[in-house]
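Participant: with the sequence up front, the predicted model follows.
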Amino acid sequence: EATSGPVGEDGYPVPLWDKLTGKIDRNVAEYMRENGYDLVDYTRRNWSTLGPKLDGKLVFIAGEMDNFYLNLGVYGFEDMVREVAPADYGIRFEYGRPKKGHSHHHVDFSEMIREMGEHVKATTPAGENTAAWNY
């Protein structure tokens, strides 16, 4: 909100959403979309270029019931990918169920770092040095 939304009359960022209810301010969302801050919209519009570059490189891990409703953005991105990408597109979505929150990790933190390192090594272009990713 603070870096990508409009500034209110009081000089502070206009909130995108109400933290108590999760209700989104559509004017702020439209402002953000028009200025390139809506990841789903941007990815959908640029899929022909981005899709092939991202195949096999994206992993989304989120709590099913995020404390700040951020899981809804992940669900929306997943829906968009399912619409525009082929069925065998290399992307992973994993949700903490049932009702895991904001800091959900499917494994402990050290194992998650190892998984991330393995993922980077597996998707690094041929000839690049992957030694720094050995945990």
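Facilitator: Cool, got the structure. Every value quoted in this text rests on a predicted model; they were computed, and no experiment measured them.
Participant: CA only for contacts and neighbour counts going forward, please
Facilitator: Will do.
Participant: which element is residue 118 on?
Facilitator: helix 109-123 (DSSP states H and E).
Participant: where exactly do the strands run in this protein?
Facilitator: Assigned by DSSP state E, the chain shows strands spanning 58-63, 91-96.
Participant: including mean pLDDT, could the ones you listed go into TSV?
Facilitator: Converted to TSV, the strands of the chain look like this (pLDDT from 0 to 100):
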stretch	mean pLDDT
strand 58-63	87
strand 91-96	90
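Participant: quick one: closest of those to residue 118.
Facilitator: strand 58-63 (12.3 Å; Cα to Cα).
Participant: returning to what we had before: tell me which strands and helices the helix holding residue 118 is in contact with?
Facilitator: If you count contacts as 3 or more Cα pairs under 8 Å, 6 or more residues apart in numbering; DSSP states H and E, helix 109-123 packs onto no helix or strand.
Participant: before we move on, back to that, mean neighbour count and distance to residue 117 added to the strands of the chain, as JSON lines?
Facilitator: Below are these laid out as JSON lines (neighbours: other Cα atoms under 10 Å; distance: least, Cα to Cα, whole Å):
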{"stretch": "strand 58-63", "mean neighbour count": "17", "distance to residue 117": "12"}
{"stretch": "strand 91-96", "mean neighbour count": "16", "distance to residue 117": "16"}
